[in-house]
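Chemist: have a look; sequence and predicted model below, questions after that.
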Amino acid sequence: MENITADGKIKTIRCVKATHEDFAKLVQLGKDQKKALETFQQKWGYTIEELEKLIQQNAYQTVTQETETKTVLELYLEMVKRAEQLYAYHNAYHVLMEEGVNELLMTIGIAPDSYNYDFYQLCLDN
(Lines give C-alpha, C1' and ligand atoms only; values in the text may rest on other atoms or scores of the structure.)
Protein backbone atom coordinates (compact mmCIF):
# COMPACT_ATOMS: atom_id res chain seq x y z
CA MET A 1 0.00 0.00 0.00
CA GLU A 2 1.63 3.17 -1.19
CA ASN A 3 -0.54 5.46 0.99
CA ILE A 4 0.80 4.02 4.26
CA THR A 5 4.07 5.10 5.81
CA ALA A 6 6.51 2.58 7.28
CA ASP A 7 5.09 3.23 10.77
CA GLY A 8 1.49 2.60 9.60
CA LYS A 9 0.29 6.19 9.28
CA ILE A 10 -1.71 7.39 6.30
CA LYS A 11 0.28 9.52 3.88
CA THR A 12 -1.43 12.60 2.57
CA ILE A 13 -0.94 13.85 -0.95
CA ARG A 14 -3.03 16.95 -0.41
CA CYS A 15 -1.04 20.15 -0.41
CA VAL A 16 -3.74 22.26 1.25
CA LYS A 17 -5.00 21.83 4.78
CA ALA A 18 -8.35 23.11 6.00
CA THR A 19 -10.11 23.58 9.31
CA HIS A 20 -13.68 22.81 10.27
CA GLU A 21 -14.38 26.53 9.89
CA ASP A 22 -13.08 26.39 6.30
CA PHE A 23 -15.44 23.53 5.51
CA ALA A 24 -18.35 25.32 7.16
CA LYS A 25 -17.61 28.49 5.20
CA LEU A 26 -17.48 26.57 1.90
CA VAL A 27 -20.80 24.92 2.70
CA GLN A 28 -22.38 28.26 3.58
CA LEU A 29 -21.03 29.90 0.42
CA GLY A 30 -22.40 27.00 -1.58
CA LYS A 31 -25.80 27.22 0.11
CA ASP A 32 -25.94 30.96 -0.55
CA GLN A 33 -24.98 30.50 -4.21
CA LYS A 34 -27.41 27.61 -4.67
CA LYS A 35 -30.21 29.77 -3.24
CA ALA A 36 -29.19 32.72 -5.44
CA LEU A 37 -29.27 30.49 -8.52
CA GLU A 38 -32.67 29.05 -7.59
CA THR A 39 -34.05 32.54 -6.89
CA PHE A 40 -32.72 33.82 -10.22
CA GLN A 41 -34.31 30.89 -12.05
CA GLN A 42 -37.62 31.44 -10.28
CA LYS A 43 -37.57 35.18 -10.92
CA TRP A 44 -37.03 34.81 -14.65
CA GLY A 45 -38.89 31.53 -15.09
CA TYR A 46 -36.18 29.63 -16.96
CA THR A 47 -33.57 26.97 -16.32
CA ILE A 48 -30.15 26.93 -17.97
CA GLU A 49 -31.30 24.19 -20.31
CA GLU A 50 -34.39 26.15 -21.37
CA LEU A 51 -32.29 29.24 -22.01
CA GLU A 52 -29.86 27.23 -24.15
CA LYS A 53 -32.77 26.25 -26.40
CA LEU A 54 -34.05 29.83 -26.57
CA ILE A 55 -30.59 31.13 -27.48
CA GLN A 56 -30.55 28.84 -30.50
CA GLN A 57 -33.82 30.37 -31.65
CA ASN A 58 -33.10 34.02 -30.84
CA ALA A 59 -30.35 35.05 -28.43
CA TYR A 60 -31.50 38.68 -28.41
CA GLN A 61 -35.13 37.99 -27.59
CA THR A 62 -35.98 40.04 -24.50
CA VAL A 63 -37.62 38.88 -21.32
CA THR A 64 -39.16 41.33 -18.89
CA GLN A 65 -39.65 40.64 -15.20
CA GLU A 66 -41.31 43.43 -13.23
CA THR A 67 -39.30 46.50 -14.33
CA GLU A 68 -36.21 44.69 -15.54
CA THR A 69 -35.60 43.58 -19.13
CA LYS A 70 -32.79 41.28 -20.27
CA THR A 71 -32.02 39.37 -23.42
CA VAL A 72 -32.12 35.59 -23.34
CA LEU A 73 -28.35 35.64 -23.84
CA GLU A 74 -27.86 37.93 -20.82
CA LEU A 75 -30.03 35.67 -18.66
CA TYR A 76 -28.12 32.61 -19.80
CA LEU A 77 -24.71 34.17 -19.14
CA GLU A 78 -25.71 35.32 -15.66
CA MET A 79 -27.20 31.95 -14.81
CA VAL A 80 -24.11 30.10 -16.06
CA LYS A 81 -21.89 32.42 -14.02
CA ARG A 82 -23.87 31.59 -10.87
CA ALA A 83 -23.80 27.86 -11.65
CA GLU A 84 -20.03 27.99 -12.26
CA GLN A 85 -19.49 29.68 -8.89
CA LEU A 86 -21.45 26.92 -7.18
CA TYR A 87 -19.37 24.35 -9.07
CA ALA A 88 -16.16 26.12 -7.94
CA TYR A 89 -17.23 25.80 -4.29
CA HIS A 90 -17.97 22.13 -4.88
CA ASN A 91 -14.51 21.61 -6.37
CA ALA A 92 -12.80 23.43 -3.50
CA TYR A 93 -14.66 21.28 -0.99
CA HIS A 94 -13.74 18.17 -2.93
CA VAL A 95 -10.04 19.05 -2.90
CA LEU A 96 -10.06 19.89 0.80
CA MET A 97 -12.28 17.15 2.16
CA GLU A 98 -13.25 14.40 -0.21
CA GLU A 99 -9.72 13.71 -1.42
CA GLY A 100 -8.81 12.97 2.19
CA VAL A 101 -11.75 10.57 2.42
CA ASN A 102 -10.68 8.98 -0.88
CA GLU A 103 -7.14 8.49 0.44
CA LEU A 104 -8.51 6.84 3.56
CA LEU A 105 -10.75 4.52 1.52
CA MET A 106 -7.82 3.52 -0.71
CA THR A 107 -5.88 2.40 2.37
CA ILE A 108 -8.59 -0.16 3.12
CA GLY A 109 -8.91 -1.29 -0.48
CA ILE A 110 -12.05 0.59 -1.51
CA ALA A 111 -11.97 2.48 -4.79
CA PRO A 112 -12.95 6.10 -4.11
CA ASP A 113 -15.39 6.24 -7.00
CA SER A 114 -17.12 2.99 -5.98
CA TYR A 115 -19.30 4.59 -3.33
CA ASN A 116 -20.50 7.41 -5.65
CA TYR A 117 -21.36 9.80 -2.84
CA ASP A 118 -21.20 13.58 -2.91
CA PHE A 119 -20.70 14.88 0.63
CA TYR A 120 -20.84 18.50 -0.48
CA GLN A 121 -24.22 18.07 -2.12
CA LEU A 122 -25.44 16.39 1.06
CA CYS A 123 -24.31 19.44 3.05
CA LEU A 124 -25.98 21.85 0.61
CA ASP A 125 -29.25 19.96 0.70
CA ASN A 126 -29.42 19.81 4.51
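Modeler: Nice, I can see it.
Chemist: count of neighbours near Y46?
Modeler: Using other CB atoms under 10 Å, Y46 is surrounded by 19 other residues. From N, CA and C alone the C-beta is placed, and that goes for glycine too.
Chemist: whoops, L73 was the one
Modeler: With other CB under 10 Å as criterion, L73 counts 15.
Chemist: quick one, what contacts the closest residue to it other than its chain neighbours?
Modeler: Counting by CB to CB, 6 or more residues apart in numbering, the nearest residue to L73 once its immediate chain neighbours are dropped is A59, at 4.2 Å. If a contact means CB atoms under 8 Å, 6 or more residues apart in numbering, then A59 has T71, V72, L73 as its contacts.
Chemist: for A92, same thing?
Modeler: Taking CB under 8 Å, 6+ apart, we find A92 in contact with L26.
Chemist: and it, which of the three is it?
Modeler: Here A92 is recorded as helix under DSSP: H, G, I helix; E, B strand; the rest coil.
Chemist: also V63?
Modeler: Look at V63: counting by three-state DSSP, its state is strand.
Chemist: contacting residues for it?
Modeler: Residues in contact with V63 (CB under 8 Å, 6+ apart) are W44, G45, Y46, T69, K70, T71, V72, L75.
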